Each structure stands twice: as C-alpha cells, then as structure tokens.
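Participant: This is the structure alone, sequence omitted:
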DNA sequence: CAATATATCAATCTAAAGATGTAAGACAAA
DNA sequence: TTTGTCTTACATCTTTAGATTGATATATTG
C-alpha cells in the first residue's frame, strides 16, 4: 500500500537537538516519509510550516521557551491541512486532553518504541487520528471526570423541571438576550403577560432577576444551548 | 494473570433476544467471566444491576423502547462502581461521543469479532477505559470538531479584548449575577462608578443590557468560567 | 361536576437599570 | 510638559425591570 503513495513530507520541531537527530534518522529510514525540515525553535517551526507546507509535523510540546501547545494552535489556525502529532515526555492526562482539544492528530510519548511513532504517523498520514491505547484510556478518564460535576448538578433537584412549557419558551428567549418587548413580540402576547411569566420563572428558579435566571438556565443544562464545563 | 483473579460478574442488557443468547454463550466460554443476569429490558436491567451489583454491564444502546444511553446514565448515577460497556450496531460519532460522555467505560460494535468484545471486557475489568482504535479515531474527529467553532469565534475579533482590567472585573461580577450594589460592595467603589464601568462595557461589547453582556462574555471565552459548546 | 393548573391580560407602584454629560486625580507614554 | 487613558465620582433623566394583586378563559384531571 504505502509503497505506491507519494512520500509524506515531515517537519520536526524539538528543542532537544539530540532527540531531533534521532527522530530524523529514524524517519529517514522509512521509505514512505521524507524529512523536509528540522528545528529546535517553535517559532521558526511555524515559519517553516508556512514555507514548506509539510503533510505532518512532529511537535515536541515540552519545550521550556515557547509552549508547544500554543505552536500547535497557531499551526491549526493556518488551516493548511497540516497534521500535527504531539511528542511529549509525559503521559499527563491534562496535557493529552489539551493537545487533542486544540487539534493534534496524535500524541506519542518519547519513551515509546520507534515503531509506535511510525505507526502513529502512518495512521495520521492516512487521515486518521491516533492515540496509543494507554493514552486513550488516560484521556477518557480525564474527559469523563470533567463531566462528572455536571452530571451531579443535573441529578440534583433541577428547578428547571418545574417550569411550564410556556415558561420554558419565555426563558429560552431570555437566554437570547430579549427584553420584555422582544419576548412579547416573538410570542404574540402582551408585555404584561410576559412579565407574569418571567416573575413566575423567578419564583420557581429562586432568583431575583433575569441575569440570574439566564445563568441558572445555562449552568443547569437548559435545552437550547447546552454548555458543558470543560476548562481549557 | 486473569486465572488468579476472581471471575468478573457480568450483566447483559439487549432487547434482541437472539443476540443476547449469543453473547451469553460467548462469555460463558470465558473462564474469567460469569454471567449473573440477562434481560431484554433496560428498566429491568437497572433493577438487576441494583440487585446483583455486577462488575460489568454490557448494554445495548440501540433499543427502540427505552434509550440505552439513558439507562447508562441512570446506572452511573447509582455510583456503585458498575462499569458499563456500550454495545451498538452503529459506529456513529455522535453516539460514541454521548456514550463516553455519560460514563461508558467502553463502546463495542456488534459487528466486531467476539475476541474484540472479550478484549474490551478484559481492559474494562482491569479498570481501564477501552475504545477500539477505529472508534477512537471517530470520537476524536467529533471531539475536535466541537471545538473548532469555538477556536474560530475566539480568533475572530473578540470585543472582550477592548475591556480594561477594571471593566473585566466588573464584567466578571456581572456574570455571577450581581447588581450594581453588589458589585460596588465587592469592589469597594461607589455605585455610580460601577454604572460608568457597566455603560462602558456595553459600548465596547456593543450590547444593550447586562444580560446580553453576560451572554456575550460566556459565549466568547470569558476567563472565569469558560464554557465549551458541546451539545449532549 | 368541581378542583386545579395554565395562559392570558391589566393596573399600579417601587426599585433598578441604563443613557448622557461632566470632571478630577493618577499615571504612563510621547 | 502635554497628551491620553484609566479610574473614580456625581447629577439628572428616561426607560426598563420587578413585585403585587386581581381577573378571565381554558384545559385537565380526579
């Protein structure tokens, strides 16, 4: 398979010159990859990416000077279809999560066997997203944890359930920034009726004003635009 | 390894009786697992889970009557440490995402080889979270997509950047549901000063009232409580 | 049928929010 | 030094929001 395809062009970014050399030699041995550039600086790497338009970038994300994650983000913003694989010394769940969140197509530990890196590159070159099994497990633990709080707060007595259908409509319009007049116009009812509904909503949600009502709605899984708490 | 451990107790929930039988036979052949119950009903399954406290539940999530995802959620809420593996006929990214989000420890396609299911059970029984590689790739595509919009909207001109430090403080307190008096008290400044800040914030964010300001802040990555757009 | 919940509307009043203009002191940059 | 920005503050005025009470019509349900 791989033999028939054009060789994938690879750019290496790693502040550790020794490791950089090692990876370069490793990849050069592979017939399906071609190293088009190497650099120990994230900033230079971004410029090389613009210049050479590689298919894949192997990016060390544990660089003391510039943050590798930030570099990935900048490369993703270029929107040039460059696929970045994060290289890291740590199997830290938070790091893995953040790397995948900003668009890394893979995450490989430096301590992993070189065959693992080549496999990841093969998968990513084929358009897939690849994470080693062990890291996937880590990722999901972190991922599920970030939803646990939310699950709890939504399993607590959710005051939103006490709202009538009409009140939900009104609240929905409130969460879009409408005032009384706007809501009345959209629901084809009088402004005073809207006031009645809004006051009933305040009572049921135990809040004092519309801002608090909107915040309650958004933080407790109100249907329209459900937002999940995932810190960056 | 596995031989020395106590057999893991498994509960099977699948509305398809034939498939249920097949999986049961398959698992019964494995020395490390013991089927403690089977049912074609999600509701009965939840009750069996409470009663028998299995280590693992294999849950079909493509049931017409009751939603398997909802059943998983209810089991997770029990917080009994029961590990649920989702069984599905579809490798739909949204389904996979939702299953993992609500706490499934694995997701296996019914069309996959039985060895794959056993492997998933081994991993999950060992405390890990397991997704077949192909499904992991699917999951991440969906996952990264859900953050793309956010990345764009935050790379677009973000009006929040025009706020001064003090204005950010005021906006922060606004996003917590404070009124003028509350903000003035917390910042040790007069209420009229708060009004000035708030009015300036409105001008800069191009909104008409505090609710719209709060919504703008929350939807554009305001630091305090960053919310990400991931629909359930 | 009677009781209850919901949706509609109005009047009235107070409090809060918002718009606008002005201005003084602090501080940093040109 | 001057210029500009930021923070503070006040006065004034208009509008909106919110609380309260009461009333009617319509389903729904026991």
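Facilitator: Nice, I can see it. This structure is a prediction, so every number in the text was calculated from the model and none was measured.
Participant: how about the residues of chain A that lie near DNA strand D?
Facilitator: By the rule CB under 7 Å from any atom of the strand, the part of chain A lying against DNA strand D is A:179-181, A:195-196, A:198-199, A:202, A:208-211. C-beta coordinates here come from the backbone N, C-alpha and C atoms, glycine included.
Participant: Now the buried members of those residues.
Facilitator: A:179-180, A:198, A:202, A:210-211 (16 or more other CB atoms under 10 Å in any protein chain shown).
Participant: between the residues of chain A next to DNA strand D, which is nearest DNA strand C?
Facilitator: residue A:196 (4.0 Å; CB to the nearest atom of the strand).
Participant: for the helix or strand where residue A:11 lies, what is the average pLDDT?
Facilitator: According to DSSP states H and E, residue A:11 maps onto strand A:8-13. Here strand A:8-13 scores 96 as its mean pLDDT.
Participant: From the contact counts, what lies against it?
Facilitator: helix A:17-28, strand A:33-39, helix A:42-52, strand A:56-60, helix A:114-125 (3 or more CB pairs under 8 Å, 6 or more residues apart in numbering or on different chains; DSSP states H and E).
Participant: So which residue is smack in the middle of chain A?
Facilitator: Chain A has residue A:101 as the residue nearest its centroid, 2.3 Å off, counting by CA atoms, centre = their mean.
Participant: What sits closest to that one if chain neighbours are left out?
Facilitator: residue B:147 (5.5 Å; CB to CB, 6 or more residues apart in numbering or on different chains).
Participant: so which helix or strand takes in the one you found?
Facilitator: Assigned by DSSP H and E, residue B:147 belongs to helix B:133-155.
Participant: contacts for the helix or strand just after that helix?
Facilitator: The first helix or strand that comes after helix B:133-155 along the chain, using DSSP H and E, is helix B:165-174. With CB atoms under 8 Å, 6 or more residues apart in numbering or on different chains as the test, helix B:165-174 has contacts from A:211, B:160, B:163, B:182-183, B:186-187, B:194, B:197-198, B:200-201, B:204, B:210, B:213-214, B:217, B:222-224.
Participant: Now with 6 Å, please.
Facilitator: B:183, B:197, B:201, B:210, B:214, B:217, B:224 (CB atoms under 6 Å, 6 or more residues apart in numbering or on different chains).
Participant: For the third one, list the residues it contacts.
Facilitator: Neighbour list for residue B:201: B:167, B:171, B:213 [criterion: CB under 6 Å, 6+ apart].
Participant: same for DNA strand C: which of the residues you listed are within range?
Facilitator: Of the entries in the contacts of residue B:201, none also sits close to DNA strand C under the rule CB under 7 Å from any atom of the strand.
Participant: Closest to DNA strand C out of the residues you listed?
Facilitator: residue B:213 (7.7 Å).
Participant: measure the closest one to residue A:214 for me?
Facilitator: Counting by CB to CB, to the nearest Å, the separation of residue B:213 from residue A:214 is 11 Å.
Participant: ditto for residue A:108
Facilitator: 43 Å.
Participant: and residue A:97, what does it touch?
Facilitator: Residue A:97 sits next to residue A:142 when contact means CB under 6 Å, 6+ apart.
Participant: Okay, and it sits in which element?
Facilitator: Applying DSSP H and E, one finds residue A:97 within helix A:93-101.
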